[in-house]
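J.: Everything below, folded, please.
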Amino acid sequence: MEKIVKILEITDVTHNVKAFRIEKPDGYRFEPGQATEVSINKPEWKDEKRPFTFTSLNEWPYLEFTIKGYHDHDGVTHNLHQLNAGDELILRDVWGAIQYKTDGYFIAGGAGITPFIAILRHLHKDRKLRTNQLFFANKTEKDIIYHHELDAMLGKNAQYILSVEQNPKYDSGHIDKAYLTKHVKDFSKPFYVCGPDEMVNGIVAILKELGADPDSVVFEK
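T.: Model (predicted):
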C-alpha cells in the first residue's frame, strides 16, 4: 500500500528536529509506538524509504512525524528538512515493535524518544501515565525533544541525562549500569528502550544482568 499525501505544516521542535504534519488518508490507523516507511515524492527520492514513527494520535485529523535532520550528508532527512507545506510524501503500511504493556521505565537516547511520544501522549490523554518514568539521554539541553511537553506530562518522572554539557539541573554522563542501579527501583517492571543501536544493545544487556525479565524489555529488533 502506498499513499501520496501533502505536507500541511512543518514546525521547529529543536535546532535540528522538525515536526511534519501531513494529510491523513481515510481509514489510516496505527497503534502508539508504530511506524511506517516514508519517502519524498520526487523522482530522485521516491524509492529512498526510511522508517519514521508516528508522534500523533489516531484521533488527530492529521498525521505527525518528528524527524531529526542529519545534515552532514545529502540524505533523506536532510532533504526532508528542505521541504515546505504543499510538498508531497509517500506513506506505506504501518508496522512496529514498540508496544506498551503496563507501567514501567522508558529509556531513550536522542531521536529514540520518537516511538515513545505517541505512547506517552496517549497515556496522558487517558490519565494513565501513573508511575511511568522516563530516562532521556542527550548531548546538551538544546537537544531535548519536546522538553516542555515531557515535563508537563511526566513532571518529576522525567529525568534527563546530558553527556556533553555540564548543567546543574540535569544528571551528567550516560545511562550505564551505575545509573540504572541507582535510579531503577523495580527491575520486574517493563522497560521500553529506543536509541542508537550501540546504546540499545548496551542497555538491554545491562538490564538483563541486573535482573530484568528479557520478555519485559521492549525494543525494536
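J.: When you work out contacts or count neighbours from here on, use the C-alpha atoms and nothing else.
T.: OK.
J.: Burial check on the nearest residue to residue 153 once chain neighbours are set aside, number of neighbours?
T.: Leaving aside its chain neighbours, residue 153 sits nearest to residue 124 (6.4 Å; criterion: Cα to Cα, 6 or more residues apart in numbering). When neighbours are defined as other Cα atoms under 10 Å, residue 124 has 15 of them.
J.: Also residue 213?
T.: Counted with other Cα under 10 Å, residue 213 comes out at 15.
J.: Check the secondary structure at the closest residue in space to it that isn't next to it in sequence for me.
T.: Among residues not flanking residue 213 along the chain, residue 188 sits closest, at 6.6 Å (Cα to Cα, 6+ apart). Secondary structure state of residue 188, per DSSP: H, G, I helix; E, B strand; the rest coil, is coil.
J.: Kindly provide the distance from residue 82 to residue 1.
T.: Going from residue 82 to residue 1 by Cα to Cα, to the nearest Å gives 26 Å.
J.: what's the domain layout of the protein?
T.: 3-95, 105-218 (automatic domain parsing).
J.: where does the residue nearest to the spatial centre of the chain fall, phi/psi-wise?
T.: In the chain, the C-alpha closest to the average C-alpha coordinate belongs to residue 114, at a distance of 1.2 Å (Cα atoms, centre = their mean). When read as degrees, to the nearest 10, the backbone of residue 114 gives phi -60, psi -40.
J.: Show the contacting residues for it.
T.: Each residue near residue 114 by Cα atoms under 8 Å, 6 or more residues apart in numbering is listed here: 53, 54, 55, 66.
J.: Give me the pLDDT for residue 220.
T.: Residue 220 carries a pLDDT value of 75.
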